[in-house]
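S.K.: heads up, no residue letters with this:
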């Protein structure tokens, strides 16, 4: 696969904040009365001022230009970053001094700069309020925000072809205004022709990427982490030829204030009812529920607030759906995964963790089914990686370049190249033109791009988890939250005997600075 350069996508989200020199406040002259007035009249540095321009350079970091106007004299520039840390810079007369800072937590801060003429003992200060680019996650729900079948969140009718449903996110229920992105499980149902759904921020140009692909008669869910428009809405565009019903369930949201950061882990199988891993061995009965410990075990800390999963159903004996929810709560009306009898299908899930550190899974079908749960990461107040959403960008399409991925083989992709401090990637991965039944696994690679270029790479370990499953001829998408690993190289394994085409769209990156 061609190696994408995502630095430009990250740079496109740079934000600037400024406070012109005219806002500078000069300290009053020492003394009072006539003495102070005389000192002011004879000020040897009357134009002393400082203008401020702050530019975000990462999820937690910014660069500050302090443009000083002064006579030619030694100056001290004290910068208070607004987080109980400060730094001293120095100048000689008029010049611009550039400083960089990384905040421990995302949020909004007031930066104060004081410039002191150390010879003439005069000073001036200016301030600028900045907001870091990164966003932290807050679990929510799961809660249904849209169901066109019954009029929840929109009019009770199908979404016409080539039109959009608007979903209110910011200010909906207990979700605050100002959210930057939202975790939505989007389900398409009642489809009479094939098509796709594109989720994007209301007010933005509709991207060419897709989030959910569907065929006639299918009920297809897919998790999406969607940027939210400035007005608090997201749009769900029906790219099919016929009308469809849409369902959207929220499981959390992102804001530019300190909450829970993300930590990716190597995908780890926490539950497999076929073998008794994580729960009792044997299929989950119809309308049955089981719970499993997550927090405080196998690398997920006790303080984790939510967990990122890949949930797979297999061998179901009837149509149905799965609902994943925090243990200790009633099962919500939201669903995470819809399936047909005999189908093997997976979906990405982000779910809050119950107070007892467990999550629950309910089989909403009439008959038993096997369930597999792979943990790919978690959200915790102690995790430092914040989320930077991009404008969706297609990074790989083997139909256009490179050719199909052969069976029982993998392709590597250097997503971390050019993105220092990246820790994870939010991808929508689609498999199409499938020649045999199988599954796709996405795992970190121990080799670097340089290792591959120099042909000194070693064989990466075989995957022990899966991200999406398909049968012959099907087109199947799934959200993948891929951990960076130690090298920034990600492997995509075709675990079938036939070739497949792979399409990868990136929606954002987690960064630890």
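M.R.: It's in. Please read all numbers here as calculations on a predicted model, not as lab measurements. Residues are numbered from 1 along each chain as shown.
S.K.: lowest-confidence helix or strand of the protein?
M.R.: When the helices and strands of the chain are scored by mean pLDDT, DSSP states H and E, helix 33-41 comes last with a mean of 52.
S.K.: same question for the helix or strand that contains residue 308, mean pLDDT?
M.R.: Assigned by DSSP states H and E, residue 308 belongs to strand 306-314. In this model, strand 306-314 has a mean pLDDT of 97.
S.K.: tell me the strands in the stretch 251-400 of the chain, going along the chain?
M.R.: Here the stretch 251-400 of the chain has its strands, by DSSP state E, counting those that start in this stretch, at 261-272, 289-293, 306-314, 320-326, 337-339, 345-352, 358-363, 370-380, 386-397.
S.K.: and the fifth one, what's its mean pLDDT?
M.R.: For strand 337-339, the mean pLDDT works out to 90.
S.K.: Measure how far that strand is from the centre of its chain, please.
M.R.: Here strand 337-339 is found 23 Å from its chain centre; the criterion is Cα atoms, centre = their mean, to the nearest Å.
S.K.: now do the third one
M.R.: Relative to the centre of its chain, strand 306-314 is centred 17 Å away, using Cα atoms, centre = their mean.
S.K.: Could you check the angle it makes with strand 261-272?
M.R.: 30 degrees (axes from the mean of the first three to the mean of the last three Cα atoms, to 10 degrees).
S.K.: Strand 306-314: partners in the sheet, and parallel or antiparallel?
M.R.: In the sheet, strand 306-314 lines up against strand 345-352 (antiparallel), strand 370-380 (antiparallel) (DSSP bridges).
S.K.: Would you convert those strands into TSV that also reports mean neighbour count?
M.R.: Bear in mind the C-beta positions are built from the backbone N, C-alpha and C, glycine included. Formatted as TSV, the strands paired with strand 306-314 follow (neighbours: other Cβ atoms under 10 Å):
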stretch	mean neighbour count
strand 345-352	26
strand 370-380	25
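S.K.: Tabulate the ones you listed (TSV), appending distance to residue 405 and mean pLDDT.
M.R.: What follows is those, written out as TSV (distance: least, Cβ to Cβ, whole Å; pLDDT from 0 to 100):
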stretch	distance to residue 405	mean pLDDT
strand 345-352	18	95
strand 370-380	21	97
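S.K.: Show me the one of these that comes nearest residue 393.
M.R.: Taking Cβ to Cβ, strand 345-352 is the member of the strands paired with strand 306-314 nearest to residue 393, at 18.9 Å.
S.K.: For the closest residue to residue 174 other than its chain neighbours, pull up the helix or strand it's in.
M.R.: Nearest residue to residue 174 in three dimensions, chain neighbours excluded: residue 140, at 7.3 Å (Cβ to Cβ, 6 or more residues apart in numbering). Taking DSSP H and E as the definition, residue 140 sits inside strand 136-147.
S.K.: buried residues in the helix or strand following that strand?
M.R.: Remark: after strand 136-147, the chain's next helix or strand is strand 164-168, criterion DSSP H and E. Neighbour-count burial for strand 164-168 flags 164-165, 167-168 (criterion: 16 or more other Cβ atoms under 10 Å).
S.K.: Great, nothing more from me.
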